[in-house]
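Novice: take a look and give me a structure for this.
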Amino acid sequence: EVAELAPFFNSLLFSRIAPPPATSVTRDQFMAYWRAHLERVDPPTRAFHLLRHPSRDYLVHDDFRPIMRMILDTHPGLEFLKDAPEFQERYAETVIYRIFYSISRKGDRRITLRELKRSDFLQAMMLVDAEEDINKILKYFSYEHFYVIYCKFWELDTDH
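Specialist: Numbers count the residues shown, from 1 in each chain. Just a heads-up that it's a prediction; the model follows:
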C-alpha cells in the first residue's frame with residue numbers, strides 16, 4: 001500500500017531489499033531501500049524499477065515472469081490451474097505477450113519507462129488484486145481470452 005502498487009509487487013520489492021535466501025526484511029532495511037530507490041518517484045517508476053533487471057533501462061518478457069508466478073499462485077480466479085503447470089505456463093506467456101503487444105510501441109520486445117507510464121498496466125494490476133473473477137479483467141489477464149487465443153493457435157498448429 002505504501003508503494004501504491006498492487007500486492008503482487010511485494011515479493012519483487014522484498015527480494016530487492018534482501019535477496020534470497022533471506023526470508024525476512026527488517027523495518028530498517030525496508031526504510032533504507034525505500035528512501036534510496038522509491039520514495040521520490042511515482043508508482044509507474046517504482047513498478048518499472050522493481051520489474052526490470054538492474055543492468056537494463058527497459059523491461060523484457062522475463063521481467064514479468066515473477067509477477068505472473070505470484071498472480072498464478074495467489075489469485076482465487078486462477079486456483080483451478082494449480083494442478084495444470086503446462087496451462088499455467090501458457091497462460092503466463094500469453095498474458096506477457098498481450099502486455100507487450102499493447103504497451104511496446106516499437107515492437108522491439110522491450111518496454112521503456114515512458115511506455116509503461118503511458119499504459120494502463122498498473123491499473124489492470126490493481127483490478128486483478130481487487131477482482132476475484134479474473135475474466136472480468138479484460139485487459140491482459142482474462143483467462144477466457146487466453147483460452148480463445150490458445151485454442152485458435154492449437155487449430156492452426158498442424159504438428160502440435
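Novice: all contacts plus neighbour counts: C-alpha atoms, from now on.
Specialist: Will do.
Novice: Provide the backbone phi and psi angles at Ile111.
Specialist: phi -120, psi 120 (degrees, to the nearest 10).
Novice: make that Thr94, sorry
Specialist: phi -70, psi -40.
Novice: mind listing what it touches?
Specialist: For Thr94, the contact set (Cα atoms under 8 Å, 6 or more residues apart in numbering) comprises Phe146.
Novice: which one is the residue nearest to the spatial centre of the chain nearest to, not counting chain neighbours?
Specialist: Nearest to the geometric centre of the chain sits Ile67, at 3.9 Å (Cα atoms, centre = their mean). Take Ile67 and drop its neighbours on the chain: the residue closest to it by Cα to Cα, 6 or more residues apart in numbering is Phe8, 6.1 Å away.
Novice: do you know the pLDDT at that neighbour?
Specialist: Phe8 carries a pLDDT value of 94.
Novice: repeat for Ala22
Specialist: Taking Ala22 on its own, its pLDDT is 87.
Novice: so who does the residue nearest to the centre of the chain touch?
Specialist: Counted by Cα under 8 Å, 6+ apart, Ile67 has contacts Phe8, Phe9, Leu12.
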